[in-house]
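need coordinates for the below:
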Amino acid sequence: MKNVTVIGAGIVGICSALSLAQAGARVRLIDRDLPGQGASAGNAGVISPWSIIPQSMPGVWKNIPRWLLDPNGPVSIKLSHLPHLLPWTMKFLSNAKMDRVHASVAAMHTLNHLNVELYRAHLAGTGHENLIRDSFYVHAFRNADSARLNTLEYRLRQEKGAQLERIGQGDLQDLEPALSKDFKAAILIKGQASATSPGKIGEVLAEKFCSLGGMIEQAEVRGLRPGKEAWEIITSAGTQTAENLLLSAGAWSADLLRPLGINIPMQAERGYHAMFENPGLTLKHSVMDVDHKCVASSMEGGLRVAGQAEFANINAPQSPARAQRMGLLARKMMPDLPDTQPTTWMGVRPSLPDSLPCIGAIPGRKNLYAAFGHSHYGLMMAPKTGQLISDIIMNKPINEDISPFRVYRF
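Okay, here's the model as predicted:
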């Protein structure tokens, strides 16, 4: 029986640990926080097979100045962090070429196209199957002329089999009466689902993992060291050993690899949400405000609006203004929201320049494996990532092309 230690109990680490346990491995999961409470716990809950469009697209550079100058824009940068961001930005912009876009779309499709079924399979028998519900992804536009099915990103989705529909203002109001009448049209992306509580999905799957004999330890991992026979893991609870080591620590993965001479061009991209606990209204589907790149969903705890991107040092404190801005954007989307102050949250996404994660064995480092760097897509890509890395570690045949996820591709 193989012994595997997984560092990181976010949704990617949990799905990886669960798939390994189901494959017959003896698995230990280590994280400083409780399971399922990483970046994916605070997102908008979209689980879409058609989230296959990379962040870097042709012409994206033209939008960056406008986004940065707009106080409600989708991107902000801490000035002190700018020198650290520039090399990553150059790699990011180089991925906007069409050949690289098509390659990223194909790779993202590999990880996402079965995500709804895989989550339902993981949740089957837990008593929490209702944590996944069928949903459209509604892209809402204030400018009706911008809602076109022939744009590049919608064409790419349709080429992979997505069912899309454009609707006007009247049909949008019928579908989602709570939305502002400022939205004049929408593109509906069908055949997907949403999570009614992303954090609870992580908790439930962690419990399922434990029921299969998996072990969870709460400790902060401070370093990794190759030993003669096994990896040494330096934690706040002492030094431990691991026969096989899977690194799935999200945005902290690059810091753990750097002392080993492995440099990953990862940025800590922070996302925020505002949660209205008693909103007085409900959305039937997940809705993106296309102008501000934020997404609203009704969940178990209320109505959540999440999204946007802030680039800063991984340990920088939350920006109160940015958090409060999410509440203001929520009211722009849904003017009937109450005047009560929402609760706010910030999480750190592990973003790589090509929007793809690192998955697989790390060359030159025996029994060290990667499953990190999922950017905005961790919740969606987690079950397939777990399946793939489990097959890799357990030496099972892989039927998909996993070369786009190799660690040293940069």
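
residue ranges of the helices in the stretch 1-150 of the chain, please?
Secondary structure of the stretch 1-150 of the chain (DSSP state H, counting those that start in this stretch): helices at 11-22, 60-69, 82-94, 98-112, 115-123.

deepest of the ones you listed, which one?
Across the helices of the stretch 1-150 of the chain, averaging neighbours per residue (mean count of other C-beta atoms under 10 Å) puts helix 11-22 on top, at a mean of 29. In this view, the C-beta of every residue, glycine as well, is placed from N, C-alpha and C.

as TSV, the helices of the stretch 1-150 of the chain with mean pLDDT would be great.
Converted to TSV, the helices of the stretch 1-150 of the chain look like this (pLDDT from 0 to 100):
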stretch	mean pLDDT
helix 11-22	98
helix 60-69	68
helix 82-94	90
helix 98-112	97
helix 115-123	98
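
next, format those as TSV and append distance to Gln267.
What follows is these, written out as TSV (distance: least, C-beta to C-beta, whole Å):
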stretch	distance to Gln267
helix 11-22	17
helix 60-69	14
helix 82-94	5
helix 98-112	17
helix 115-123	24
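
so for Asp182, which of those helices sits nearest?
The closest of the helices of the stretch 1-150 of the chain to Asp182 is helix 60-69. By C-beta to C-beta, the value is 19.3 Å.

now do the end-to-end distance for stretch 162-175.
20 Å (C-alpha to C-alpha, to the nearest Å).

contact partners of that stretch?
For stretch 162-175, the external contacting residues (C-beta atoms under 8 Å, 6 or more residues apart in numbering) are 49-50, 136, 138, 140, 144, 147-149, 154, 157-158, 179, 181, 183-191, 284-285.

can you pull the buried residues of it?
By neighbour count on 16 or more other C-beta atoms under 10 Å, the buried set for stretch 162-175 is Ala162, Leu164, Arg166, Ile167, Gln169, Leu172, Leu175.

show me what the host helix or strand of Asp255 packs onto, helices and strands only.
Using DSSP states H and E, Asp255 sits within helix 253-257. Using 3 or more C-beta pairs under 8 Å, 6 or more residues apart in numbering; DSSP states H and E, the elements in contact with helix 253-257 are strand 221-226, strand 244-247.

deepest-packed of the ones you listed, please.
strand 244-247 comes out most buried of the helices and strands packed on helix 253-257 by mean count of other C-beta under 10 Å, with a mean of 25.

who does it pair up with?
Strands adjacent to strand 244-247 in the sheet, as given by DSSP bridges, are strand 3-7 (parallel), strand 368-372 (parallel).
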